[in-house]
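**Q** sequence? don't have it. structure:
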Ligand SMILES: Nc1ncnc2c1ncn2[C@@H]1O[C@H](COP(=O)(O)OP(=O)(O)OP(=O)(O)O)[C@@H](O)[C@H]1O
């Protein structure tokens, strides 16, 4: 129950609704439990007439009619209160479900990049949907059935004991057996449903990866082997589901069997008491009705226990994420004005998950408004530098300074809002092209969007689409080419008008002519902005104020284009090689 304590704050938030639910439950059950007594009185009246205690038939008939009307009235009222009970408690559980989902979602937004690397998407989705659903069963139905059971049992038992204590005790003999066996069965159901849940998670993750990689699957023609893998998981999932259903199927027969035993006891013991003249026949009918009313809450004990156990397991999984502190925290609440000077001072960085030291003792300074080009072989650490500037990670050793102060001291939101980042593999949302560009500046006007698109040399492509900037992208819309996606992503960064612009190898998918155009536009746009250009092409780097060349996480060359082409090394080789390629 420890994990579930987390939900107490929500119980406290909705305490008045829950208390109202409790009150309504008490009323509804008090009314429902009057019915057996009224039926007993009706039977007793008939019995009294038959054995001559009452002689006036009209009185008996009138009593019967009154009782029938009373029962109908009670049933209607009790039904109305049951409706209200569900309205209060189940609605409260939906409100708590809503709050909890929002809380998890907000936490997902806060958590750092590493968290997303360590956890699979299917798992993240399951915790916010399936697990929250299980927790809702605890805050809703489990609470409602528990209230129901306590009220029914307390009131029902008192009423029965008042009528006949001996018969009450006999009637209740099978009840502990009933609750113990249902408790055991519920544990089995719980274990099996946990396994079913795990397989559901595996299936979700499998499908999610398959749909994301559909291009690769189709182009490699490996559908058959994917189907085979899917069959294996889904076969196991089916087997586990059948196992669960076998246990579920035992639930009702077991309950009906034990109710039957209780009824037999009432008939046998009550029948003997009747023969001995200790009770009237109406009491037997009354007790049979109590047995049937009380069995359900007893049976529900096991079910509720299993619901609580499942909710406990789910809440523990949710807490695991909620308790995680974001690795990158915003330590400064005060606003920070960003000018854009970036300094790396003896920076070393090791990725936790792979233990790869991607940067080793890096030192450089880029003045505000300057452009730095970063070149180097693949895997040399270029993107890692960018990740440290955007504070997606913090350094392992050394310091990144922003405007001469450690970047950790700056307000994280201000840092990120002053960075326009174009990643290597741009991501566009399933939305219109215009909205994808506006993503960088929500209140951008149409003219600003067009201006940014022109600077990214994508405007004419967009204009060629029938719906222009209103063209929908993504699953149900147009698929852009790699180069077009890169340029929309560049427009998104430009429109933001940030102090720092970062282009991570984002011109790789455009031809050299378009690259030239974009670079010349960028020169205008990036005036007074600190700009980082990562590239494998000298053409992208040559106009930069500074160039650094990385190899295996270390700076092996730095200087300007004119300096580096005269220096023996990677840059000169690359320059000559690309010059030759151009000539051919
Ligand atoms: N998120 C990560 N987790 C663990 N290791 C990583 C991660 N990202 C990069 N690495 C490793 O760090 C090293 C540097 O990677 P980085 O992406 O910075 O290189 P790069 O120079 O940008 O390469 P490319 O030109 O191919 O984009 C590589 O060995 C890579 O495998």
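**A** Okay, I see it. For clarity, every value in this text was computed on a predicted model and none was experimentally measured.
**Q** What residues does the stretch 1-150 of the chain have near the ligand?
**A** Within the stretch 1-150 of the chain, the positions near the ligand by Cβ under 6 Å from any ligand atom are residue 117. For glycine as for every other residue, the C-beta is placed from the backbone atoms N, C-alpha and C.
**Q** Please work out which residue of the stretch 1-150 of the chain is closest to the ligand.
**A** Residue nearest to the ligand within the stretch 1-150 of the chain (Cβ to the nearest ligand atom): residue 117, separated by 5.7 Å.
**Q** Packing partners of the helix or strand hosting that residue?
**A** Per DSSP states H and E, residue 117 falls inside helix 113-118. The contact analysis (3 or more Cβ pairs under 8 Å, 6 or more residues apart in numbering; DSSP states H and E) places helix 113-118 against no helix or strand.
**Q** quick one: the next helix or strand after it to chain centroid distance?
**A** Note on helix 113-118: by DSSP H and E, the next helix or strand toward the C-terminus is helix 121-126. Averaged C-alpha coordinates place helix 121-126 at 7 Å from its chain's average position (Cα atoms, centre = their mean, to the nearest Å).
**Q** Pretty sure residue 90 sits against residue 144.
**A** Yes. With contact defined as Cβ atoms under 8 Å, residue 90 reaches residue 144; the gap is 6.9 Å.
**Q** And those two? Which one has more around it.
**A** Legend: neighbour count by other Cβ atoms under 10 Å for residue 90 and residue 144, higher for residue 144 (23 against 17).
**Q** From residue 352, how far out is the residue lying closest to the more buried one once chain neighbours are set aside?
**A** Once flanking residues are discounted, residue 144 sits nearest to residue 89: 4.4 Å by Cβ to Cβ, 6 or more residues apart in numbering. Residue 89 sits 45 Å away from residue 352, going by Cβ to Cβ, to the nearest Å.
**Q** Which one's more surrounded, these two?
**A** Per other Cβ under 10 Å, whichever of residue 89 and residue 352 has more neighbours is residue 89, with 26 against 12.
**Q** what packs against the strand or helix carrying that one?
**A** Following DSSP H and E, one finds residue 89 within helix 57-110. Contacts defined by 3+ Cβ pairs under 8 Å, 6+ apart place helix 57-110 against helix 8-13, helix 15-32, helix 35-50, helix 132-137, helix 143-163, helix 281-322.
**Q** Which stretch among these approaches residue 251 most closely?
**A** helix 281-322 (8.0 Å; Cβ to Cβ).
**Q** now the closest one and helix 15-32, what's the angle there?
**A** 160 degrees (axes from the mean of the first three to the mean of the last three Cα atoms, to 10 degrees).
**Q** Packing partners of helix 281-322?
**A** Judged by 3+ Cβ pairs under 8 Å, 6+ apart, the packing partners of helix 281-322 are helix 35-50, helix 57-110, helix 132-137, helix 143-163, helix 165-171, helix 174-212, helix 223-275.
**Q** State the number of residues packed around the nearest residue to residue 422 once chain neighbours are set aside.
**A** Excluding the flanking residues, the one nearest residue 422 by Cβ to Cβ, 6+ apart is residue 506, at 4.2 Å. When neighbours are counted by other Cβ under 10 Å, residue 506 registers 27.
**Q** what's in contact with the lowest-mean-pLDDT helix or strand in the chain?
**A** Least confident helix or strand of the chain, by mean pLDDT, DSSP states H and E, is helix 570-583 with a mean of 77. The contact list for helix 570-583 (Cβ atoms under 8 Å, 6 or more residues apart in numbering) reads 375-377, 512, 537-539, 547, 549, 551, 556-557, 564-566.
**Q** and what of stretch 41-50?
**A** Residues outside stretch 41-50 that contact it (Cβ under 8 Å, 6+ apart): 54, 55, 57, 60, 63, 64, 67, 280, 281, 282, 285.
**Q** And for the first one, nearest residue in space, chain neighbours not counted?
**A** Ranked by Cβ to Cβ, 6+ apart and with sequence neighbours excluded, the top spatial neighbour of residue 54 is residue 48, at 4.5 Å.
**Q** Right, I'll leave it there.
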